[in-house]
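1. Starting from these lines, generate the structure:
(chains A and B)
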Amino acid sequence: GAVVSQHPSRVICKSGTSVKIECRSLDFQATTMFWYRQFPKQSLMLMATSNEGSKATYEQGVEKDKFLINHASLTLSTLTVTSAHPEDSSFYICSARDPRGNSPLHFGNGTRLTVT
Amino acid sequence: AQSVSQHNHHVILSEAASLELGCNYSYGGTVNLFWYVQYPGQHLQLLLKYFSGDPLVKGIKGFEAEFIKSKFSFNLRKPSVQWSDTAEYFCAVGGYNKLIFGAGTRLAVHP
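-> Numbers count the residues shown, from 1 in each chain, chains lettered A, B, ... in the order given. Modelled structure (predicted):
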């Protein structure tokens, strides 16, 4: 079963509004979570690394004021797309790694954001 | 520059056909290689991974991949595909946390 839960799975919003996406680790504590973005027919691109209790680390070219990340607890990271525009429409996926043992990254189901 | 290239964007096969999906990478440092699969409507799942040791890696559901260092390749194979293998397959390279993904290959298996 899923060990990383992402919500909502789909969201449609109007231009200029903000949208929050949640990512939860279900049975482990994740000090670090990762946010990816996937454009149609393209690969997943890492946007930022979410660090519990400290500021997120953004990849080059990602606007930190537009994509606000909050990692307030060991099981929850949120990505807020502020003042959304149609070009922000995309598929957003979060991931986290269970620090126990030698496990790989677990991915959420993703969130399809459509900005009208 | 670090990158992953998957040569086939769409592959259509009949059941029982053999599968090989190409993956080439460009990456500095220690190479960790992964294949992920995304079934329709589901999340990404790990098929197999290579960190070190035997370059022929066995994964779940009969998949395997071979790391060929000289060719910078990590191709995914399955001798006989099933309809249930219809999915999108992603090759990825990187460190344990930060992964660089290929564009993905959409596989459709017809009964």
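2. As a check, name the ranges of all helices in chain A.
-> Using DSSP state H, no helices are found in chain A.
3. Can you list the strands that the lowest-mean-pLDDT helix or strand in it pairs with?
-> Lowest by mean pLDDT, DSSP states H and E among the helices and strands of chain A is strand A:105-107, with a mean of 84. Partners of strand A:105-107 in the sheet, by DSSP bridges, are strand A:90-97 (antiparallel).
4. Now do the same contact list for residue 17.
-> With no chain named, the answer covers chain A. A:83-84 (Cβ atoms under 8 Å, 6 or more residues apart in numbering or on different chains). Yep, even glycine has a C-beta here, placed from its N, CA and C like the rest.
5. try chain B instead
-> B:80-81, B:109.
6. element containing the most centrally placed residue in chain B, please.
-> In chain B, the centroid-proximal residue (Cα atoms, centre = their mean) is residue B:35; its distance is 3.7 Å. Residue B:35 is located in strand B:33-38, with elements delineated by DSSP states H and E.
7. Could you check the angle that strand makes with strand A:90-97?
-> 120 degrees (axes from the mean of the first three to the mean of the last three Cα atoms, to 10 degrees).
8. Let me know the angle separating the next helix-or-strand element following strand B:33-38 from strand B:33-38.
-> Next helix or strand after strand B:33-38 toward the C-terminus (DSSP H and E): strand B:45-50. Using the same axes, to 10 degrees, the direction of strand B:45-50 lies 170 degrees away from that of strand B:33-38.
9. what about the residue nearest to the centre of chain B, distance to chain A?
-> Distance, residue B:35 to chain A, using Cβ to the nearest Cβ, to the nearest Å: 11 Å.
10. remind me which residues of the chain are low pLDDT?
-> No chain specified, so I'll use chain A. Low-confidence segments of chain A (pLDDT under 70): A:1-2, A:101-103.
11. wait, I meant chain B there
-> Across chain B, the ranges flagged by pLDDT under 70 are B:96-97.
12. my guess is residue B:91 contacts residue B:32, does it?
-> No. Between residue B:91 and residue B:32 there is no contact under Cβ atoms under 8 Å: 11.9 Å.
13. Looking only at neighbour counts, state which of the two leads.
-> residue B:91 (29 against 17; other Cβ atoms under 10 Å in any protein chain shown).
14. which other residues reach the helix or strand containing the more buried one?
-> According to DSSP H and E, residue B:91 maps onto strand B:87-94. The contact list for strand B:87-94, computed with Cβ under 8 Å, 6+ apart, reads A:43-44, B:2, B:4, B:6, B:21, B:23, B:25, B:27, B:31-40, B:44, B:47, B:74, B:76, B:99-102, B:104-107.
15. Pull it out as CSV, backbone CA atoms only.
-> Only the C-alpha atoms of strand B:87-94 are listed here, as CSV (Å, rounded to 0.1, in the frame of the first residue of the first chain):
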residue,chain,number,x,y,z
ALA,B,87,2.3,1.3,-17.7
GLU,B,88,4.8,4.1,-18.0
TYR,B,89,8.4,3.3,-17.1
PHE,B,90,10.9,5.8,-15.9
CYS,B,91,14.7,5.4,-15.7
ALA,B,92,16.4,7.5,-13.0
VAL,B,93,19.9,8.2,-11.9
GLY,B,94,21.3,10.0,-8.9
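16. Brilliant, that's me finished.
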